[in-house]
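S.K.: sequence first, predicted coordinates after that:
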Amino acid sequence: MLPEPLVGAIEASIAWIAMIPRWALGLALLALAVLAALALHGIGSALIRRAVAPRWPFLASLVRRTRRLTRMALLLLAAGLALRSGLFADALAIALSKLVLVGFVVLAGWTAIVATAILADVYLLRFRIDTEDNLLARKHVTQVRILKRAVDVLIVLLTIGGALAMFEAVRNVGVSIFASAGVAGLVAGLAARPVLSNLIAGVQIAMTQPIRIDDVVVLEGEFGTVEEITATYVVVRVWDWRRLIVPLSRFIEQPFQNWTREGAALIGSVYFYVDHTVPVARLRQALEEIVRASRLWDGEVANLQVTDVKETTIELRALVSARSSGAAWDLRCEVREKLIDLLQREYPAALPRRRQELVDGRSERPLRGDRNPAAAHQSEPVRGEPRPAAAGR
């Protein structure tokens, strides 16, 4: 038998507990259940991470990504068990039970979103977008990201609907609204048309892929790279680090330039306006030497042609190719600088010139063709003021 002092203490404790309201005991039990769930989750997560981290890093990453999810699941389970203790009044127990049910609905939606994200990441592990030839990777990354966002939106809508369906009052109100809201539904549909059109455009872009992640585009007169594609808009990183936010429907309804639609390689053009006396063959040879010495050239296209002849100059066009749009831009600048330097050093007379004809030392007029061979022989580039008449004789 127990000692009398101990028995007395137990009876006093029971009597003291009996004086506490049942709802207070229920809340205390609920708090203890929550604390026990948190402690159990913390200890279990630490043990699992230590057990799987050295051998299975993927499982360790999975445990880390689902840590909050499993914590919420344990908390809801502990709360549900505490509510079955019978310490709560009927009305309070029903209200708390509905909240727990709503929590389980939210948990189910959250689980679906996390599972979708994990599956998308696992699928994209075999594709690398940080390589030079990343067309296939950009295609799959764009499809997966857009479809994932569309699925996330659908899961959120279904979760909200399932949570609201737990409450009888809200469900009845919803039914009555849908039964008598023809005009209101039409107005709401018209108001939501931009959002819906962008969502549908997102699915179209995921399927047809007029743009992809990391595509180089020219839009609204701006040159940039597709940085992000969300469910409703596209973020284009402009060359000077600005961000251009464009609705998804813009890429379906209006034209734009995509420089990397079928591949990253690109042909760049450089135009020169020089005198008719320029040695085109020598410049063509110099262009080949420049691109062969450049690390930016992909070895495909290097060509120089006379594309136009005007009254005072001829137009030369140099075509060079590179593996990407950024390399093509840098290669164009390099070709332009080095060919101009060559003209300045070796053929200064081939730079653009403006010929004039002096008549009797008093008037001047532009020289047309070879109508006056003597005047054509005396022509020279204009520097500042026209040459004095005495110097022209």
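M.R.: Thanks, I have the structure now.

S.K.: for residue 30, which non-adjacent residue is spatially closest?
M.R.: Nearest residue to residue 30 in three dimensions, chain neighbours excluded: residue 82, at 4.5 Å (C-beta to C-beta, 6 or more residues apart in numbering). No exception for glycine: its C-beta is placed from N, CA and C like everyone else's.

S.K.: list the contacts of the helix or strand hosting the one you found.
M.R.: Applying DSSP states H and E as the criterion places residue 82 in helix 67-83. Residues outside helix 67-83 that contact it (C-beta atoms under 8 Å, 6 or more residues apart in numbering): 26, 29-30, 32-34, 36-38, 40-41, 45, 93, 96-97, 100, 103-104, 107, 110-111, 114.

S.K.: got the buried residues for it?
M.R.: By neighbour count on 16 or more other C-beta atoms under 10 Å, the buried set for helix 67-83 is 70-76, 78-80, 82-83.

S.K.: now do it: distance to the chain's middle.
M.R.: Distance of helix 67-83 from its chain centroid, counting by C-alpha atoms, centre = their mean, to the nearest Å, is 36 Å.

S.K.: could you point out which element follows that helix?
M.R.: Downstream of helix 67-83 (by DSSP H and E), the next one is helix 90-124.

S.K.: whichever helix or strand comes after that following helix versus helix 90-124: what angle between them?
M.R.: The helix or strand immediately downstream of helix 90-124 is helix 135-164, counting by DSSP H and E. Per axes from the mean of the first three to the mean of the last three C-alpha atoms, to 10 degrees, the angle that helix 135-164 makes with helix 90-124 is 170 degrees.

S.K.: buried set for helix 135-164?
M.R.: 137-138, 140-150, 152, 155, 159, 162-163.

S.K.: same thing with stretch 231-241?
M.R.: Quick answer for stretch 231-241 (16+ other C-beta under 10 Å): 231-234, 236.

S.K.: of these, which belong to strands?
M.R.: If you go by DSSP state E, those have 233-234, 236 in strands.

S.K.: now residue 264. Nearest residue, chain neighbours left out?
M.R.: Nearest to residue 264 is residue 324, by C-beta to C-beta, 6+ apart, at 4.6 Å.

S.K.: give the contact list for that neighbour.
M.R.: With C-beta under 8 Å, 6+ apart, residue 324 has these contacts: 132, 260, 264-266.

S.K.: give me the subset of those residues that lies in strands.
M.R.: residue 266.

S.K.: confidence score at residue 62?
M.R.: Listed pLDDT for residue 62 reads 79.

S.K.: in what helix or strand does it lie?
M.R.: helix 57-65.

S.K.: got the contact list for that helix?
M.R.: Contacts of helix 57-65 (C-beta under 8 Å, 6+ apart): 45, 48-49, 52-53, 114, 117-118.

S.K.: so the residue lying closest to residue 297 once chain neighbours are set aside versus residue 264, what's the distance?
M.R.: Leaving aside its sequence neighbours, residue 297 sits nearest to residue 291 (C-beta to C-beta, 6+ apart; 4.2 Å). Here residue 291 is placed at a distance of 18 Å from residue 264 (C-beta to C-beta, to the nearest Å).

S.K.: among the contacts of helix 67-83, the buried ones, what's the PyMOL command?
M.R.: Buried residues among the contacts of helix 67-83 (16+ other C-beta under 10 Å), as a PyMOL selection:
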select buried, resi 26+29+30+33+37+41+45+93+96+97+100+103+104+107+110+111
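
S.K.: in the chain, which strand is the longest?
M.R.: The chain, longest strand under DSSP E: strand 297-309.

S.K.: give me the helices and strands touching the helix or strand following it, please.
M.R.: Next in sequence after strand 297-309, counting helices and strands by DSSP H and E, comes strand 314-322. Strand 314-322 is packed against strand 266-274, helix 280-293, strand 297-309, helix 325-346, with contacts defined by 3 or more C-beta pairs under 8 Å, 6 or more residues apart in numbering; DSSP states H and E.

S.K.: nearest to residue 203, of these?
M.R.: Set against residue 203 and scored by C-beta to C-beta, the helices and strands packed on strand 314-322 come closest in helix 325-346, at 27.8 Å.

S.K.: so which bits of the closest one are buried?
M.R.: Neighbour count says helix 325-346 has 325, 327-332, 334-335, 338-339, 342-343 buried, by 16+ other C-beta under 10 Å.

S.K.: a markdown table please, covering those and showing distance to residue 243 and pLDDT.
M.R.: Listed next are the buried residues of helix 325-346 as a markdown table, based on distance: C-beta to C-beta, whole Å; pLDDT from 0 to 100:
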| residue | distance to residue 243 | pLDDT |
| --- | --- | --- |
| 325 | 18 | 82 |
| 327 | 23 | 89 |
| 328 | 23 | 90 |
| 329 | 20 | 89 |
| 330 | 23 | 92 |
| 331 | 27 | 94 |
| 332 | 25 | 93 |
| 334 | 29 | 94 |
| 335 | 31 | 94 |
| 338 | 34 | 94 |
| 339 | 36 | 94 |
| 342 | 40 | 93 |
| 343 | 40 | 92 |
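
S.K.: per-residue pLDDT, the residue nearest to the spatial centre of the chain?
M.R.: By C-alpha atoms, centre = their mean, the chain has its centre lying nearest to residue 228, at 1.2 Å. Per-residue confidence (pLDDT) for residue 228: 86.

S.K.: pull up the gap between it and residue 319, please.
M.R.: 33 Å.

S.K.: and if you look at residue 81?
M.R.: For residue 81 relative to residue 319 (C-beta to C-beta), the value is 75 Å.

S.K.: show me what contacts residue 212?
M.R.: 138-139, 141-142, 226, 260.

S.K.: and these, which two are furthest apart?
M.R.: Going by C-beta to C-beta, the pair spanning those furthest: 141 and 260, at 13.4 Å.

S.K.: how about residue 243, what does it touch?
M.R.: With C-beta under 8 Å, 6+ apart, residue 243 has these contacts: 227, 235-237.

S.K.: show me where pLDDT drops low in the stretch 101-250 of the chain?
M.R.: 130-133, 135, 169-199 (pLDDT under 70).

S.K.: right, I'll call it a day here.
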